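In: quick one: sequence plus predicted model below, questions after.
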Amino acid sequence: MAFGRRRQADEPAKEPELTDEETVVEDEAPAKAAPAEGGPWDSEEEHPELQRLDFGSMQVPIAPGLGFQVNFEATQVDEEGNPLDGRPVAVLVQYEESAMQLQVFAAPKRSGIWADVRRETATDIQEEAGGQTQEGEGPFGPELLAMVPAALTEEVLAEMPDEVKEQIPAEFVEQGWAPQIIRFLGVDGPRWFLQAVVQGAAIEDEEQWQVLEDVFRGIVVVRGDAPMPPRELLELQIPKEFSEAAEEGEENEETFNPFERGPEITEVR
């Protein structure tokens, strides 16, 4: 089986309720995060000095043209199921027509979990989502490429840019779904596991992928000393830049709603 090139993230049949809080780094210059050979990095080791957003357990490089969102999982809902409160569970990095979801988990002290997570993810995609998977080698070691059916509802099509919609074959629109290629990357660190799920143009577009690769390579993971069971999400925090963006929105009399839905990627556990 051959799908082209790259991949994505999350449990299609059991996705948590996610919402998004967003800030964007804007610049007319093309995005170029300085490559950090040897990363992603543990905070206890020497690592290149780059400008990064501090998400607590993850410090993520920024570059012109990149957008960032924090995905929330609802922890409290009202009688109608609308989220009232939630916890941040993932960071979404966006560049042009590409997106990369980042999550970091606790891992055993003497062994990694990427091999098991990769195998379980492949099984879930094949058995629950009706997709296909293929393992390969990438710049960070073993990775997983998946092809899954993506719904093309009227609501989804209405939100698509015209230039994207025009590229969808008519037969896909008629049948209500289209194949979507998703790329899963993982790195086992000292007592942590960092996962990236990529989708969009970066699957095929080398320039867009290189931007996301440089971001991933430059991440610094802050594990902390607290004991945690393997696969538990490390705590994420909201960077001060997000709070500043919220305050600016209020000054412009715009509503800043951290539970307003935006682009979503599901979460593979």
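Out: Thanks, I have it.
In: please make it C-alpha for all contacts and neighbour counts, starting now.
Out: Fine.
In: can you pull out the helices in the chain?
Out: Secondary structure of the chain by DSSP state H: the helices cover 114-127, 154-159, 162-165, 170-175, 206-217, 240-251.
In: got a markdown table for these, with distance to Gly65, mean neighbour count and mean pLDDT too?
Out: Shown next, in a markdown table, are the helices of the chain (distance: least, Cα to Cα, whole Å; neighbours: other Cα atoms under 10 Å; pLDDT from 0 to 100):
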| stretch | distance to Gly65 | mean neighbour count | mean pLDDT |
| --- | --- | --- | --- |
| helix 114-127 | 30 | 16 | 95 |
| helix 154-159 | 22 | 10 | 71 |
| helix 162-165 | 20 | 10 | 67 |
| helix 170-175 | 31 | 12 | 72 |
| helix 206-217 | 10 | 20 | 97 |
| helix 240-251 | 16 | 14 | 63 |
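In: please identify which of the ones you listed is closest to Pro142.
Out: Of all the helices of the chain, helix 114-127 sits nearest to Pro142, with 8.4 Å by Cα to Cα.
In: all strands of the stretch 51-200 of the chain, in order?
Out: For the stretch 51-200 of the chain, applying DSSP state E, counting those that start in this stretch gives strands covering 52-54, 58-61, 66-77, 83-95, 98-106, 132-138, 141-151, 177-189, 192-200.
In: mean pLDDT and distance to Val211 added to the ones you listed, as a markdown table?
Out: Putting these into a markdown table (pLDDT from 0 to 100; distance: least, Cα to Cα, whole Å) gives the following:
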| stretch | mean pLDDT | distance to Val211 |
| --- | --- | --- |
| strand 52-54 | 94 | 15 |
| strand 58-61 | 96 | 11 |
| strand 66-77 | 86 | 9 |
| strand 83-95 | 87 | 8 |
| strand 98-106 | 96 | 10 |
| strand 132-138 | 95 | 15 |
| strand 141-151 | 91 | 18 |
| strand 177-189 | 90 | 15 |
| strand 192-200 | 96 | 12 |
